[in-house]
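Q: sequence unknown, structure follows:
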């Protein structure tokens with residue numbers, strides 16, 4: 001939270017700390033990155049620099065060196081230039097500057113072996129959504145496409161196994177660690193779309209983890225995107241179909257068949273991983289209008305109507 005970053009950065013200033021070591025999941029890494037830069041700012045209120053809350057910029061790139069050691073495989077925070085902070089019930093926003101990318105990322109897949117299945121699955125789906133959304137993003141490039149496809153293949157191969165009966169197999173953890181890191185690179189360079197545009201709002205106004213928020217709306221948002229793209233030939237439709245072929249091992253499928261396979265496989269993942277409904281977190285009909293208003297399309301390849309987004313939330317609840 002913003003209060004935690006303010007407290008820790010204050011201690012770092014008082015004691016002349018010269019290095020931040022962040023060891024943990026995405027929230028911990030983001031907090032460490034925020035502390036590393038806030039110790040070098042005149043203003044001690046991080047809210048002043050948050051996008052959508054304050055000025056949305058950091059006046060300089062000065063910071064403490066930061067080493068990131070992820071213990072989950074999901075956010076790819078060890079490779080990104082933003083640090084997401086939240087005040088529950090109010091906002092979930094990013095502190096952003098190119099200097100926020102950690103100088104060193106130490107990625108040891110074995111650190112995630114002891115993660116509970118729920119953490120493994122939620123983190124893995126977050127990584128998948130970042131890879132998926134970066135691949136179909138309006139800002140995608142040849143480089144990000146390569147990384148996205150590789151990462152999606154790794155998630156498809158190992159997510160369910162690492163979250164269920166083969167959680168101790170290091171090769172699955174290696175797949176997910178690489179996928180997470182690649183998702184951070186892709187997020188930084190190609191951006192993300194509507195799944196995260198909705199999930200970020202859910203995490204800001206409710207006590208729901210980011211991975212669970214993504215997982216809860218993933219299937220219905222994907223279905224809404226495909227419907228909005230329509231039947232006409234387009235790069236976006238082909239790319240959605242590509243993802244369907246990857247997750248289903250159906251390289252010979254037509255685009256129509258691959259799109260159906262994409263939805264079927266995402267539904268299968270959410271069932272096997274027991275992804276909870278939004279209603280379990282107290283999100284109900286009365287919240288839908290506010291969530292729709294605050295949701296962002298970011299770099300989504302197509303515009304989805306407010307009515308369709310509301311239906312996504314209703315079906316996900």
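A: Everything's here; your move. Not measured: the values here are computed from a predicted model.
Q: Can you give me the end-to-end span of stretch 188-197?
A: Stretch 188-197 has an end-to-end distance of 15 Å (C-alpha to C-alpha, to the nearest Å).
Q: again with stretch 267-283
A: Using C-alpha to C-alpha, the end-to-end distance of stretch 267-283 comes out at 21 Å.
Q: which residues sit in contact with the residue nearest the centre of the chain?
A: The chain has residue 126 as the residue nearest its centroid, 4.5 Å off, counting by C-alpha atoms, centre = their mean. For residue 126, the contact set (C-beta atoms under 8 Å, 6 or more residues apart in numbering) comprises 26, 74, 75, 183, 210, 211, 214, 215. C-beta here means a position set from N, CA and C on the backbone, and glycine is covered the same way.
Q: how about a cut-off of 7 Å?
A: With contacts defined as C-beta atoms under 7 Å, 6 or more residues apart in numbering, residue 126 is in contact with 74, 75, 210, 211, 214.
Q: ok, which pair from the residues you listed is furthest apart?
A: Maximum pairwise distance among the contacts of residue 126 (C-beta to C-beta): 10.4 Å, between 75 and 214.
Q: which sections of the chain are below the confidence cut-off?
A: 88-89, 251-252 (pLDDT under 70).
Q: Helices of that one, start to end?
A: Ranges of helices in the chain, per DSSP state H, are 2-14, 26-38, 117-136, 142-163, 170-190, 194-205, 210-229, 235-248, 255-272, 285-294, 306-315.
Q: Of the ones you listed, flag the one that's most buried.
A: Most buried of the helices of the chain by mean neighbour count (mean count of other C-beta atoms under 10 Å) is helix 117-136; its value is a mean of 27.
Q: quick one: it to chain centroid distance?
A: How far helix 117-136 lies from its chain's middle: 6 Å, per C-alpha atoms, centre = their mean, to the nearest Å.
Q: swap in stretch 225-237?
A: Taking C-alpha atoms, centre = their mean, one finds stretch 225-237 lying 23 Å from the centre of the chain it belongs to.
Q: show me what contacts the closest residue in space to residue 138 that isn't next to it in sequence?
A: Nearest residue to residue 138, sequence neighbours excluded (C-beta to C-beta, 6 or more residues apart in numbering): residue 299, at 5.0 Å. Residues near residue 299 by C-beta under 7 Å, 6+ apart: 137, 138, 139, 190, 191, 192, 193.
Q: so which of those is the most crowded?
A: When neighbours are taken as other C-beta atoms under 10 Å, the top entry among the contacts of residue 299 is residue 193 (28 neighbours).
Q: Relative to residue 224, how far out is that residue?
A: 11 Å (C-beta to C-beta, to the nearest Å).
Q: what's the answer for residue 85, then?
A: Applying C-beta to C-beta to residue 85 and residue 224 gives a distance of 29 Å.
Q: Equivalent analysis for residue 49, please.
A: Residue 49 is 33 Å from residue 224, where distance means C-beta to C-beta.
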